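Peer 1: here is the input, now give the coordinates:
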Amino acid sequence: MGMLGTVINGLALKEALEKRGQPARLMSAIEIPAVSEKFIRARALRHFEKGRVLVLAGGTGNPFFTTDTCAALRGIELSAEVLLKATKVDGVYTSDPAVDPEARRYDRLTFAQAVESKLGVMDLTALTMCMEHDLPVIVFDFKQPGNIRRVVSGDELGTQVTN
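Peer 2: As a prediction, this is how the structure comes out:
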């Protein structure tokens, strides 16, 4: 159900982009031809060449792999410059800010620090993949109006995790 939920959200995002004049394609590891294309790396790269935004949904299509792991995998496969982790908090903290009023937000953090301190930036498999392939991660609050536009435009936002 979770994988299908990402397809529904992906379809909504694709439609919103196209309403604003940005050509977009929804690709999924789960075959649902009426609403999305099957993820094929070569086809995804061709969409980029044509100036289309790709919305990737459905995870890897396999159980036991989180959306974080899928995002890292697809980012590496498609030679992404950065992985944007849109979440409900405005970055990575020293501890859970909902529980610990003393929690401090990091502006920058290394993958090694995140792993060593068990900060829960993303699952360990995804974090390790990003570290091994030097794919930076930016963790930011997507619910704050304008944040998606800001982070895509290169504004410093949230926490940047790098080597």
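
Peer 1: all contacts plus neighbour counts: C-alpha atoms, from now on.
Peer 2: Will do.

Peer 1: which residues are contacting the longest helix anywhere in the chain?
Peer 2: Ordering each helix of the chain by length in residues (DSSP state H) puts helix 2-19 first. For helix 2-19, contacts defined as CA atoms under 8 Å, 6 or more residues apart in numbering pick out 23-26, 28, 35-36, 55-59, 61.

Peer 1: could I have the CA atoms of it written out in CSV?
Peer 2: Presented in CSV, the C-alpha positions along helix 2-19 are these (Å, rounded to 0.1, in the frame of the first residue of the first chain):
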residue,chain,number,x,y,z
GLY,A,2,2.9,2.3,0.8
MET,A,3,4.3,1.9,-2.7
LEU,A,4,1.0,2.7,-4.3
GLY,A,5,0.7,5.7,-2.0
THR,A,6,3.9,7.1,-3.5
VAL,A,7,2.4,6.6,-7.0
ILE,A,8,-0.7,8.6,-6.1
ASN,A,9,1.5,11.4,-4.6
GLY,A,10,3.8,11.2,-7.6
LEU,A,11,0.8,11.6,-10.0
ALA,A,12,-0.4,14.6,-8.1
LEU,A,13,3.1,16.2,-8.2
LYS,A,14,3.4,15.5,-12.0
GLU,A,15,0.0,17.0,-12.7
ALA,A,16,0.9,20.1,-10.6
LEU,A,17,4.1,20.6,-12.5
GLU,A,18,2.4,20.3,-15.8
LYS,A,19,-0.3,22.7,-14.8
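
Peer 1: quick check: buried residues in it?
Peer 2: Of all the residues in helix 2-19, those buried under the rule 16 or more other CA atoms under 10 Å are Met3, Leu4, Thr6, Val7, Gly10, Leu11, Leu13, Lys14, Glu15, Leu17.
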